[in-house]
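Chemist: sequence and predicted structure are below.
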Amino acid sequence: MSTIGHDQPYERVYSQFRWNIPDYYNIGVDICDRHVASRGDVTAVLFEDESGATRKYTFAEISEASNRFANALAARGLGREDRIAILLPQIPEIGIAHAGIYKLGAIAVPLSNLFGPDAIEYRLHDSGARAVITDAVGREKLAEVRERLPQLELVYLVDGDAAPGEIDFREELQRAIPRFTAVQTHANDPALIIYTSGTTGPPKGVLHAHRALAGHFPGFELSHSFFPQPGDLFWTPADWAWAGGLLDALLPAWHYGYPVLAYKFAHKFDPERAFWLMDKHHVRNTFVPPTALKIMRQVPDPRGRYRVRLRTIMSAGESLGADTLAWGTEQLGITIDEMFGQTEANYIVGNCHELAAVKPGSMGRAYPGHRVSVVDEGGHVVPAGTVGEVAVHRDTPVMFLEYWNKPDATRQKFGGDWMLTGDLAVQDEDGYLFFQGRRDDIIGSAGYRIGPTEVEECLLKHPAVALAGVVGTPDTLRGSVVKAYVQLAPGFSASEALKVDIQTHVRKRLAAYEYPRAIEFIDQIPLTTTGKIKRNELRQRAEQPVEGGTP
């Protein structure tokens, strides 16, 4: 089923690739309806709940359930381009809701179930959502803000007893008609709003067209070694509300007609539970963010304790680092293929170790169908080996349509025909990109420009460091200096002696100007729901200048 040949060098694959996206394309039809005739009895989603019970839904069942949901929405007056929010953990109803919304021609607005009331209110108000599908946990959060959301007409509840003003999701589907003729949508018609993480400034609603899913297929196939192969089964710990969980895992796997495992962690990501889950369900393919992989590195002898049957691992969201790449090879027997993308233009750069060498520390090069360059502040392509901003040409189908209701922000995102990512990188002569940090994360110290990623990776090599976040802190002598926030590994206690040892460790391994002149031990590094370090929060903690400069 792969559209890319196995036996060609990467350069030929890239140069010969051509997009073939039809004028009319609907994500809902693509991910389930078209499989009914040939793969209708194949498992689409395998769900394990908190009790250990397992539920399976076939593609035929997903198709029918999403038809019922589309009919139910239409019967209540919702239709084309209405925004419908999905506020759920990783459960099968997410897939049913997405497919039904797309078939209706409406716009899905996925929201993380980790959001608090204020975050939910902001996104529901900003998107103008008329309906939301949620669970009992989400209902409690909505109760605090619903009176301030007059446009929110319908609340569907997937579990528990529906209260007055709410609709029981499962009962609604049972009453609805099982057949539905999907709205004929153009590939460029809007389908999805995903809100940015909010690492800098208020979150923005990124509006994507139906074509965006099709734009993910080349990178998805290559980063998962020519997915699909017989027996493949996909799982990711990433929240299905984000591009990483939705567009890098659930929807592409369903496009190819292969199953996805759904599981929600009780509290937070548990590395032992992750290995146990992959063992129990024979997971073959996974997308695991770098932060989660670094936590999994703390599990001793994973292949000796668990039957790891993984065929592929893709990672994205932060720089993976050479050490984690080596750990995957040594401990899991897998070459981890790193990928790079943004909510605005996703799955554009990455690796396929079966076609080309993976360079440690690199996030790969442009996948077929995408044009990616490194540019200076004037938008000009810089020579190889020069730090610049990663830019994506607007002719890729994964390119977003606009920021919802923010035309000025949309214009500012582009420099001519290039979308500016805000991510800094160096591109070598072969086209491989090496991430240097966010444009607003770069630390200027005594004339040096320091990217936080390299320092963080070095810190992680110290046995006492479980996670680390690096920012600049004001300094009267140097302008700013490197400050590291360190989450200690189990068995270590904070002390001045340990600070000096960690500083010496970094100074020995990196340039002298890069070592953290200030270290603060904290209980937990703040992370977004996508597993990225919230450096804006760390910068706020580091506002006070060091009196008299640092030594």
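Modeler: Received the coordinates, thanks. Numbering: from 1, shown residues only.

Chemist: from here on, just use CA atoms for contacts and neighbour counts.
Modeler: Will do.

Chemist: for the helix or strand where E61 lies, which positions count as buried?
Modeler: Using DSSP states H and E, E61 falls within helix 59-75. For helix 59-75, the neighbour count (16 or more other CA atoms under 10 Å) marks 59-73 as buried.

Chemist: same deal with stretch 528-536?
Modeler: Within stretch 528-536, the residues that qualify as buried are 529-536, counting by 16+ other CA under 10 Å.

Chemist: likewise for stretch 74-92?
Modeler: Applying a neighbour-count criterion of 16+ other CA under 10 Å, one finds 78-92 buried in stretch 74-92.

Chemist: inside strands: which ones of those residues?
Modeler: Residues of the buried residues of stretch 74-92 located in strands (DSSP state E): 83-87.

Chemist: where do the strands sit along the stretch 51-200 of the chain?
Modeler: Along the stretch 51-200 of the chain, counting by DSSP state E, counting those that start in this stretch, strands occupy 54-58, 83-87, 107-111, 131-134, 154-157, 167-168, 190-195.

Chemist: I'd like those strands written out as CSV, with mean pLDDT and distance to F17 added.
Modeler: Listed next are the strands of the stretch 51-200 of the chain as CSV, based on pLDDT from 0 to 100; distance: least, CA to CA, whole Å:
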stretch, mean pLDDT, distance to F17
strand 54-58, 95, 33
strand 83-87, 98, 34
strand 107-111, 97, 30
strand 131-134, 98, 39
strand 154-157, 97, 43
strand 167-168, 97, 47
strand 190-195, 97, 25
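
Chemist: would you mind giving these as TSV with distance to H208 added?
Modeler: Converted to TSV, these look like this (distance: least, CA to CA, whole Å):
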stretch	distance to H208
strand 54-58	27
strand 83-87	13
strand 107-111	9
strand 131-134	19
strand 154-157	24
strand 167-168	28
strand 190-195	5
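
Chemist: sorry, back to before: so which elements touch the helix holding E61?
Modeler: Counting contacts by 3 or more CA pairs under 8 Å, 6 or more residues apart in numbering; DSSP states H and E, helix 59-75 packs against helix 36-39, strand 43-48, helix 92-104, helix 169-175.

Chemist: quick check: angle from it to strand 43-48?
Modeler: Computed by axes from the mean of the first three to the mean of the last three CA atoms, to 10 degrees, the angle separating helix 59-75 from strand 43-48 equals 90 degrees.

Chemist: keeping just the C-alphas, turn helix 59-75 into CSV.
Modeler: Output of helix 59-75 as CSV, limited to C-alpha atoms (Å, rounded to 0.1, in the frame of the first residue of the first chain):
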residue,chain,number,x,y,z
PHE,A,59,-13.7,0.1,10.5
ALA,A,60,-17.3,-0.8,9.6
GLU,A,61,-18.4,0.1,13.2
ILE,A,62,-16.5,3.4,13.1
SER,A,63,-18.1,4.2,9.8
GLU,A,64,-21.6,3.5,11.0
ALA,A,65,-21.1,5.3,14.3
SER,A,66,-19.7,8.4,12.6
ASN,A,67,-22.6,8.3,10.2
ARG,A,68,-25.0,8.3,13.1
PHE,A,69,-23.2,11.2,14.7
ALA,A,70,-23.3,13.3,11.5
ASN,A,71,-27.0,12.7,11.3
ALA,A,72,-27.5,13.6,14.9
LEU,A,73,-25.6,16.9,14.5
ALA,A,74,-27.6,17.7,11.3
ALA,A,75,-30.9,17.0,13.0
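
Chemist: what mean pLDDT does it get?
Modeler: Averaging pLDDT along helix 59-75 yields 98.

Chemist: now that helix and strand 54-58, what's the angle there?
Modeler: Using the same axes, to 10 degrees, helix 59-75 lies at 80 degrees relative to strand 54-58.

Chemist: so what's the gap between helix 59-75 and the chain middle?
Modeler: 27 Å (CA atoms, centre = their mean, to the nearest Å).

Chemist: state the mean pLDDT of the strand or helix carrying H208.
Modeler: Assigned by DSSP H and E, H208 belongs to strand 205-209. For strand 205-209, the mean pLDDT works out to 97.

Chemist: what's the first helix or strand after it?
Modeler: Next along from strand 205-209, by DSSP H and E: helix 211-215.

Chemist: which residues sit against the next helix-or-strand element following that next one?
Modeler: Downstream of helix 211-215, the first helix or strand assigned by DSSP H and E is helix 217-223. Contacts with helix 217-223, where a contact means CA atoms under 8 Å, 6 or more residues apart in numbering, come from 2-4, 227-228, 248, 252, 312-314, 337-339, 347-353, 367-369.

Chemist: again, only this time at 7 Å
Modeler: The contact list for helix 217-223, computed with CA atoms under 7 Å, 6 or more residues apart in numbering, reads 2, 227, 252, 314, 337, 347-348, 350-352, 367-368.

Chemist: show me the contacts for I27.
Modeler: Counting by CA under 7 Å, 6+ apart, I27 has contacts 102, 210.

Chemist: if we go to 10 Å?
Modeler: Contacts of I27 were listed using CA atoms under 10 Å, 6 or more residues apart in numbering, and they are 33, 98-103, 105, 185, 187, 191, 209-214, 251, 255.

Chemist: am I right that P110 is in contact with W240?
Modeler: Yes: counting by CA atoms under 10 Å, W240 is a contact partner of P110 at 7.9 Å.

Chemist: joint contacts of these two?
Modeler: If you check P110 and W240 against CA under 10 Å, 6+ apart, the residues they both contact are 86, 88, 94, 246.

Chemist: which is the succeeding secondary structure element to the lowest-mean-pLDDT helix or strand in the chain?
Modeler: Comparing helices and strands within the chain by mean pLDDT, DSSP states H and E singles out strand 448-450 as the least confident, with a mean of 72. Where DSSP H and E defines the elements, the next helix or strand beyond strand 448-450 is helix 452-460.
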